[in-house]
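1. Here is my input, please return the structure:
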Amino acid sequence: MSEQIQLNDENYDALKKQTLGFVEYYRKCYSNNRLIHRILVVLGIFLGFSVTVAGLMDQGRLAAILGLVITLFIALQSAFNFEEKYYFYRILHVEAKSLRDRLQYMEKTNRAEFNIIFNSCQKLRRRSANGVP
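-> Numbers count the residues shown, from 1 in each chain. You can find the predicted model right below:
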């Protein structure tokens, strides 16, 4: 369902502000989930190596504790889907940047393009609300 919005300076500025907000919000979501995912993976690898070293050094209790921490990291990754969210937010971030660029470089009197961008923003908003992994 397409909405027709009156093209004027006020609506143009409002849509531009909203689009810039989308870009920044999804950049933060993308960056945060990517960072958390990478930290969990690197720490998991390090702890897996540490379990092996502890086992070789006859430190069974330490190896067991490190194994439990690895299990916690795997559970966190599974429960919160950081990797899936990272990819999802990355796609939304790129789409929001594309809308920002289209809006920035469109001719300010092009009503049809303005309405296409407006409707695309609304679709992006609905997709972001319904599609989070």
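2. all helices for the chain, in order.
-> 9-56, 60-80, 82-105, 111-130 (DSSP state H).
3. elements contacting the longest one?
-> Meaning helix 9-56. Contact here means 3 or more CB pairs under 8 Å, 6 or more residues apart in numbering; DSSP states H and E; on that basis helix 9-56 packs against helix 60-80, helix 82-105, helix 111-130. Heads up, the C-betas are built off the backbone N, CA and C, glycines and all.
4. So which of the ones you listed is nearest residue 10?
-> helix 111-130 (12.3 Å; CB to CB).
5. and the helices of the chain, which is most packed in?
-> Of all the helices of the chain, helix 82-105 carries the top mean neighbour count, a mean of 18, counting by mean count of other CB atoms under 10 Å.
6. Output that helix in PDB, but only the C-alpha positions, please.
-> Output of helix 82-105 as PDB, limited to C-alpha atoms (Å, rounded to 0.1, in the frame of the first residue of the first chain):
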ATOM      1  CA  PHE A  82      24.500 -12.200  17.700                       C
ATOM      2  CA  GLU A  83      25.800 -13.400  14.300                       C
ATOM      3  CA  GLU A  84      22.300 -13.500  12.700                       C
ATOM      4  CA  LYS A  85      21.500 -10.100  14.100                       C
ATOM      5  CA  TYR A  86      24.800  -8.800  12.900                       C
ATOM      6  CA  TYR A  87      24.000  -9.800   9.300                       C
ATOM      7  CA  PHE A  88      20.400  -8.600   9.600                       C
ATOM      8  CA  TYR A  89      21.300  -5.200  10.800                       C
ATOM      9  CA  ARG A  90      24.100  -4.900   8.300                       C
ATOM     10  CA  ILE A  91      21.600  -5.400   5.500                       C
ATOM     11  CA  LEU A  92      19.200  -2.800   7.000                       C
ATOM     12  CA  HIS A  93      22.100  -0.400   7.400                       C
ATOM     13  CA  VAL A  94      23.000  -0.700   3.800                       C
ATOM     14  CA  GLU A  95      19.400  -0.200   2.700                       C
ATOM     15  CA  ALA A  96      19.000   2.800   4.900                       C
ATOM     16  CA  LYS A  97      22.200   4.300   3.400                       C
ATOM     17  CA  SER A  98      20.900   3.700  -0.100                       C
ATOM     18  CA  LEU A  99      17.600   5.500   0.800                       C
ATOM     19  CA  ARG A 100      19.700   8.400   2.300                       C
ATOM     20  CA  ASP A 101      21.700   8.700  -0.800                       C
ATOM     21  CA  ARG A 102      18.600   8.600  -3.100                       C
ATOM     22  CA  LEU A 103      17.000  11.300  -1.100                       C
ATOM     23  CA  GLN A 104      20.100  13.400  -0.900                       C
ATOM     24  CA  TYR A 105      20.700  13.400  -4.700                       C
END
